[in-house]
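K.L.:
using only what follows, build the 3D model:
(2 chains)
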Amino acid sequence: DAGVIQSPRHEVTEMGQEVTLRCKPISGHDYLFWYRQTMMRGLELLIYFNNNVPIDDSGMPEDRFSAKMPNASFSTLKIQPSEPRDSAVYFCASSNRENTEAFFGQGTRLTVV
Amino acid sequence: AQSVTQPDIHITVSEGASLELRCNYSYGATPYLFWYVQSPGQGLQLLLKYFSGDTLVQGIKGFEAEFKRSQSSFNLRKPSVHWSDAAEYFCARYPPGSARQLTFGSGTQLTVLP
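P.N.:
Here you go, the predicted structure:
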C-alpha cells in the first residue's frame, strides 16, 4: 500500500482565496483524521470521520473550514476564504479499528499571503 | 482534561550516546500511548505504542519506551544514537474505549552531534 496520500504537498495562495486539501486514506481504513501543525499550537485535531461520517468536528477553528468525505477513499479539507493565520502544515491520517495507531500522510504545507 | 507533556523542547546528544526523551500524561485511566517521529518536511512515523501488558515496549529503529504508571510517564530511550535519529519526537495518547482523538505533546527536537 502506498500509505496515506495527500495533495498538494505545498500550496501558496492569496488571502481570500479558496483552498482545497485532499487526502486518500489507506485502503480498508475506516477512520480518517485531519490535523493541523503550527509552531504556536503544535498538532491539533481538526475533525475525524468514521465510515465516511464526521464524528467530531469540534477542532475546526471557524466556519471558514469545512471537511467532507464523499467515499471511503477520498476526503477534502476546504478553507474559504483563506487567511494568513491559516498558514500551517495540514496532515491527514487514517486507521482501521478502535484504539490502534494512526498512519499519517506527508502533509500539505499551506502558505496564505 | 487529558494532556501530554514533553518537558524538553530541545535535546542535543553526541552520536553514540544514549538518549532518553521524557513524556508525562495526565488522566485517570491508563491511556493508550504512542511515540511518533517527524523528520524535516515529512509526516509522522510511528516508533512504538503501548496498550497494555509488558510495560517495556520495543519499537522500530532500536527505540524502546517504558510505561510507568506510578510516575504517569512513558519515556523513550535508545542506547546509542545515530546521526539519522535527528528529528522531532512526539508523544501522544488517547484514553481507552473513548473517542479516537490523539492528543499530542509539544514535541522534542533532537540534535545529534558528530
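
K.L.:
for stretch A:82-90, buried residues please.
P.N.:
By 16 or more other C-beta atoms under 10 Å in any protein chain shown, the buried positions in stretch A:82-90 come out as A:82, A:86-90. No exception for glycine: its C-beta is placed from N, CA and C like everyone else's.

K.L.:
what sits against the closest residue to B:L113 other than its chain neighbours?
P.N.:
Distances taken as C-beta to C-beta, 6 or more residues apart in numbering or on different chains place B:S14 nearest to B:L113, at 4.7 Å, with adjacent residues excluded. Contacts were defined as C-beta atoms under 8 Å, 6 or more residues apart in numbering or on different chains; by that measure B:S14 touches B:81, B:112-114.

K.L.:
okay, which residue is most central for chain A?
P.N.:
For chain A, the residue nearest the mean C-alpha position is A:W34 (3.4 Å; C-alpha atoms, centre = their mean).

K.L.:
ok, that residue touching A:T76?
P.N.:
No. If you go by C-beta atoms under 8 Å, A:W34 and A:T76 don't touch, sitting 9.5 Å apart.

K.L.:
identify the contacts common to the two.
P.N.:
With contacts defined as C-beta under 8 Å, 6+ apart, the residues shared by A:W34 and A:T76 are A:23, A:67.

K.L.:
which one of the buried residues of stretch A:82-90 is nearest to chain B?
P.N.:
A:V89 (9.1 Å; C-beta to the nearest C-beta).

K.L.:
could you name the helices and strands sitting against the host helix or strand of that closest one?
P.N.:
Secondary structure from DSSP states H and E places A:V89 in strand A:88-95. Contact partners of strand A:88-95 among helices and strands, from 3 or more C-beta pairs under 8 Å, 6 or more residues apart in numbering or on different chains; DSSP states H and E: strand A:5-7, strand A:19-24, strand A:31-38, strand A:74-79, strand A:103-104, strand A:108-112.

K.L.:
average pLDDT for it?
P.N.:
Average pLDDT, strand A:88-95: 95.

K.L.:
next one: it to chain centre, how far?
P.N.:
Mean-position distance between strand A:88-95 and its chain equals 5 Å (C-alpha atoms, centre = their mean, to the nearest Å).

K.L.:
what angle sits between that strand and strand A:74-79?
P.N.:
150 degrees (axes from the mean of the first three to the mean of the last three C-alpha atoms, to 10 degrees).

K.L.:
now strand A:88-95 against strand A:19-24, angle please.
P.N.:
Put simply, strand A:88-95 runs at 30 degrees to strand A:19-24, going by the same axes, to 10 degrees.

K.L.:
show me what strand A:88-95 pairs with in its sheet, parallel or antiparallel.
P.N.:
Partners of strand A:88-95 in the sheet, by DSSP bridges, are strand A:31-38 (antiparallel), strand A:103-104 (antiparallel), strand A:108-112 (antiparallel).

K.L.:
and for the first one, what's in contact with it?
P.N.:
Read that as strand A:31-38. Strand A:31-38 is contacted by residues A:23, A:25, A:43-50, A:67, A:69, A:75, A:77, A:87-96, A:102, A:104, A:107, B:100-102 when judged by C-beta under 8 Å, 6+ apart.
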